[in-house]
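Asker: Sequence and computational prediction follow.
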Amino acid sequence: MKTAISKFLEYLSAVKNSSPHTISNYGKDLGQFLTYLSPPGLEPPALTAVTHNTIREFVGYLHDHRLQKSSIARKLAALRSFFKYCVREGELKENPARLVPTPKLPKRIPAVLSAEEMNGFLNQLADMGPASGSGGQAPKRNSGRKANTSAAASAEAQDEILLLRRDRALLELLYAAGLRVSELTGLNYPDIDQKERVLRVVGKGDKERIVPYGTKAQEALEKYWPLRERLLLQASTSRGRHREAPHTEAVFLNYAGRRLTQRSVGRIVKKYVRLINVNWDLHPHSLRHAFATHLLADGADLRAIQELLGHQSLSTTQKYTHASIRQLMDIYDKSHPHA
């Protein structure tokens, strides 16, 4: 069974082109199932020994350990995909997970900042420090011994000011184009047509789409480009024998000239939320939710929003109609004299 799981994860990467996050989660979920089936001292059972009842018992075990329904549903989805793969490969005759019911999940409406709150958030970033201007020096990591504490603190402050340009461009683009975090971190410089203000985005399943972005994002990108060039130059000149080459194609870079990770983007969003409004529960995907909901509230066609978001199914996009209605009701409750 271990071998079959390894082959399945390779299949997800090489054939399905699943994201590293998806592959990691499926690996953990299948690993937990394998651990459940093989307590210490026992060998894992053969694939053919796993039945419908085995999986139901595993679901009961997860319920007993008070796992959330959404987590149980995800683990069941991983098992269904794995056994479906095994059937296709001729390892099994039928999928034992196919008839195991998924726990009923409550409909979740994404929490969305209002257009005014989102504009205020991004405008405050634009007003922070001297990063609204151009020029400046590229951030430098201290090498050797520190000259003194005050010089180190000053250099660190300068780094923060400069990286604000990158962070503002990143946040503006997340909201302006409604990107997934994986799409943002995977964005390459040639994917941006700055004259037409459009992006070539590679989404789930390697599907490409063209997404426009606005003048605010364009302005933020133009202020970030000089810093990006300096980061690449610094990474190239300071490259050691065992240091990897910089990612010259990537749009958003870290200190080492390498492509930013999805986790780094999450930390960046949390950092500025703490600075501006600590009460907001904002994460990178919140900006994508806001993009869709604000377009819908301003009269954009649902099919057009589906294309911009890269949703395969219109039903996935329709959840934003609920978010938009809720936002209208909140405004009504706050402003109508007889509410």
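Answerer: All right, it came through fine.
Asker: Please count neighbours and contacts with C-alpha atoms only from this point.
Answerer: OK.
Asker: Contacts only, for the residue most central in space within the chain.
Answerer: The chain has Val181 as the residue nearest its centroid, 3.1 Å off, counting by CA atoms, centre = their mean. Applying CA atoms under 8 Å, 6 or more residues apart in numbering to Val181 gives the contacts 174, 262, 265, 284-285.
Asker: what about it, distance to Gly41?
Answerer: 42 Å (CA to CA, to the nearest Å).
Asker: hang on, Gln318 packs against Leu302?
Answerer: Yes - at 7.5 Å, Gln318 counts as touching Leu302 under the criterion of CA atoms under 8 Å.
Asker: Looking at these two now, which is surrounded by more residues?
Answerer: A direct count of neighbours by other CA atoms under 10 Å for Gln318 and Leu302 places Leu302 higher, at 17 against 14.
Asker: what about the strands in the chain?
Answerer: Along the chain, counting by DSSP state E, strands occupy 192-193, 198-202, 208-212.
Asker: which of those sits most buried?
Answerer: Stretch with highest mean neighbour count among the strands of the chain: strand 198-202 (a mean of 19; mean count of other CA atoms under 10 Å).
Asker: Give me the distance from that one to the chain's centre.
Answerer: Relative to the chain's own centre, strand 198-202 is displaced by 16 Å; criterion: CA atoms, centre = their mean, to the nearest Å.
Asker: Direction included, what does it pair against?
Answerer: The pairing partners recorded for strand 198-202 under DSSP bridges are strand 192-193 (antiparallel), strand 208-212 (antiparallel).
Asker: could you dump these to TSV with mean pLDDT?
Answerer: Formatted as TSV, these follow (pLDDT from 0 to 100):
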stretch	mean pLDDT
strand 192-193	93
strand 208-212	89
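Asker: Please name whichever of those strands is nearest to Arg274.
Answerer: Arg274 sits nearest to strand 208-212 of all the strands paired with strand 198-202, at 29.2 Å, using CA to CA.
Asker: Bridged to the residue lying closest to Leu308 once chain neighbours are set aside, which residues?
Answerer: Leaving aside its sequence neighbours, Leu308 sits nearest to Val211 (CA to CA, 6 or more residues apart in numbering; 5.9 Å). When bridges are called by DSSP bridges, Val211 pairs up with Leu199.
Asker: so which of the contacts of Val181 is the most crowded?
Answerer: Leu174 (24 neighbours).
Asker: Distance check, the nearest residue to Asp191 once chain neighbours are set aside against Ser315.
Answerer: Excluding its sequence neighbours, the residue lying closest to Asp191 (CA to CA, 6+ apart) is Arg200, at 4.9 Å. Here the criterion is CA to CA. By it, Arg200 lies 24 Å from Ser315.
Asker: So, low pLDDT: which residues of this protein?
Answerer: Applying pLDDT under 70 to the chain flags residues 106-111, 129-161, 239-243, 278, 323, 325-329, 331-339.
Asker: Please list all residues in contact with Val50.
Answerer: Applying CA under 8 Å, 6+ apart to Val50 gives the contacts Pro96.
Asker: and it, how far is that from Glu94?
Answerer: 11 Å.
Asker: Check Thr22 too.
Answerer: As defined by CA to CA, Thr22 lies at a distance of 24 Å from Glu94.
Asker: And for Gln234?
Answerer: 56 Å.
Asker: And for Ala4?
Answerer: 15 Å.
Asker: Ile55 too?
Answerer: For Ile55, the distance to Glu94 (CA to CA) stands at 14 Å.
Asker: and those two? which has more neighbours close in?
Answerer: More crowded of Ile55 and Glu94, by other CA under 10 Å: Ile55, with 20 against 15.
Asker: The more buried one and Leu99 touch, don't they?
Answerer: No - with contact defined as CA under 8 Å, Ile55 does not reach Leu99; the gap is 9.9 Å.
Asker: what about the residue nearest to Asp29 when sequence neighbours are not counted, how many residues close to it?
Answerer: Using CA to CA, 6+ apart and skipping the chain neighbours, the partner closest in space to Asp29 is Lys75 (5.5 Å). Residues lying near Lys75 (other CA under 10 Å) number 22.
Asker: my read: Lys75 touches Gly31, true?
Answerer: No - in terms of CA under 8 Å, Lys75 does not count as a neighbour of Gly31; the distance is 10.4 Å.
Asker: How about the contacts made by the closest residue to Val198 other than its chain neighbours?
Answerer: Among residues not flanking Val198 along the chain, Pro212 sits closest, at 4.1 Å (CA to CA, 6+ apart). Residues in contact with Pro212 (CA under 8 Å, 6+ apart) are 176-177, 197-199.
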